[in-house]
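> Provided below are the primary sequence and the corresponding predicted coordinates.
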Amino acid sequence: MISIVVPCYNCEKTFTRCIESICRQTQSMIEIVLVDDGSVDRTYELCERAADEDTRIKVIHQENKGLMNAWKRGVTEAAGEYIAFCDSDDWVEPDLVATLEDKITRFHADLYLFGMRVEYEDKTVAYQDNQLGEGYYGKAEILEKVLPVFFSDGRMQSEIMLMSRWTKVFSRRLLMGNLNLLDDGISLGEDDLTTFVSVLSAESLYCLKNFYPYHYMRNRESMIGKYDELMYQKFRDLKKQIDKIAQL
């Protein structure tokens with residue numbers, strides 16, 4: 001079974017679209033874990049109502065501890081052998097779980113990669129895919145073909161894979177083995193850190209090409225759509241954590 005973890009914070013405007021898209025999966029055997037991270041709007045009520053209407057939904061309420069802590073809490077509470085993520089202002093296509101479960105049954109990899117659609121406020125859509133080729137990669141191939149060019153092959157924006165947590169399905173074992181390395185204090189580049197440590201630890205991964213089940217909403221109200229005077233310090237904190245992990 002795949003568990004889908006949804007961190008929720010003051011998301012009353014987009015909650016219904018997000019949760020309904022997950023509940024409409026063609027593969028009905030899923031678990032949905034909602035982590036309400038100290039919301040002060042109607043998110044608490046919406047989470048409880050959703051759980052009352054669908055027994056597959058599990059709700060966790062906690063004091064506000066930040067995005068990293070919220071999704072990590074969801075991982076620890078999830079029951080699925082594999083875990084996917086969806087942010088509360090985004091949504092997914094109905095064949096996300098069925099397509100990934102087919103690959104999981106066939107390849108049993110630790111990590112699965114796929115693409116996403118970036119939705120802009122002016123209704124334009126950009127499709128983003130991994131640069132890694134379609135197929136299965138064992139440990140030797142990860143060491144030879146993935147990690148040496150993980151961040152860049154020398155060209156601008158030449159990362160071998162999308163860093164977004166949402167464009168992946170992780171084995172629960174892989175995530176649980178690395179949660180202690182993911183500092184709750186990191187508030188920029190959380191996904192870069194998570195993807196890096198996961199690829200370092202994975203024994204195998206599978207990349208799906210031309211599959212774009214995730215809709216990422218790019219809007220001015222999101223965390224990355226706002227000016228942040230602490231941006232430089234947050235980049236420094238991220239680099240320090242990546243360097244620390246790389247030395248392990």
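Ah, there it is.
> number of nearby residues for residue 128?
By other Cβ atoms under 10 Å, 14 other residues sit near residue 128. All C-beta spots, glycine's among them, are computed from the backbone N, C-alpha and C.
> do you know how far it is from residue 216?
Distance, residue 128 to residue 216, by Cβ to Cβ, to the nearest Å: 8 Å.
> Now do the shared contacts for the two.
116, 117, 118 (Cβ atoms under 8 Å, 6 or more residues apart in numbering).
> got any ranges where this protein has weak pLDDT?
For the chain, applying pLDDT under 70 flags the ranges 186-188, 219-242, 244-246, 248.
> let's see 90
121, 151-159, 183-190, 218-248 (pLDDT under 90).
> Relative to residue 216, how far out is residue 194?
From residue 194 to residue 216 the distance is 16 Å (Cβ to Cβ).
> ok, those two, which is more surrounded?
Each of residue 194 and residue 216 has its neighbours counted (other Cβ under 10 Å); residue 194 has more, 25 against 20.
> thought that one was touching residue 182?
Yes: counting by Cβ atoms under 8 Å, residue 194 does reach residue 182; the two are 6.1 Å apart.
> And the shared contacts of residue 128 and residue 216, which of them are buried?
116, 117, 118 (16 or more other Cβ atoms under 10 Å).
> Could you dump these into JSON lines with secondary structure and distance to residue 48 added?
Formatted as JSON lines, these follow (DSSP: H, G, I helix; E, B strand; the rest coil; distance: Cβ to Cβ, whole Å):
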{"residue": "116", "secondary structure": "strand", "distance to residue 48": "29"}
{"residue": "117", "secondary structure": "strand", "distance to residue 48": "30"}
{"residue": "118", "secondary structure": "strand", "distance to residue 48": "31"}
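> Kindly confirm my reading that residue 64 forms part of a strand.
No: Residue 64 sits outside any strand when classified using DSSP: H, G, I helix; E, B strand; the rest coil, being coil.
> which ones are touching it?
Here residue 64 is in contact with 9, 37, 38 (Cβ under 8 Å, 6+ apart).
> Filter these down to the ones in helices?
Judged by DSSP state H, helices contain none of those.
> Looking at the residues you listed, which is nearest residue 205?
residue 37 (29.0 Å; Cβ to Cβ).
> Quick check: bridge partners of that closest one?
Applying DSSP bridges to residue 37 gives these bridge partners: residue 62.
> doesn't residue 69 make contact with it?
Yes: counting by Cβ under 8 Å, residue 37 does reach residue 69; the two are 7.5 Å apart.
> Pick out whichever of the two has more residues nearby.
Using other Cβ under 10 Å as the criterion, residue 37 and residue 69 rank with residue 37 on top: 24 against 19.
> Quick one: residues contacting the more buried one.
Per Cβ under 8 Å, 6+ apart, neighbours of residue 37: 7, 8, 9, 62, 64, 65, 66, 67, 69, 70.
> likewise residue 2?
Residue 2 touches 27, 30-31, 80-84, 97, 100-101, 104, 169, counting by Cβ under 8 Å, 6+ apart.
> In space, what's closest to residue 101 - neighbours in sequence excluded?
residue 27 (5.8 Å; Cβ to Cβ, 6 or more residues apart in numbering).
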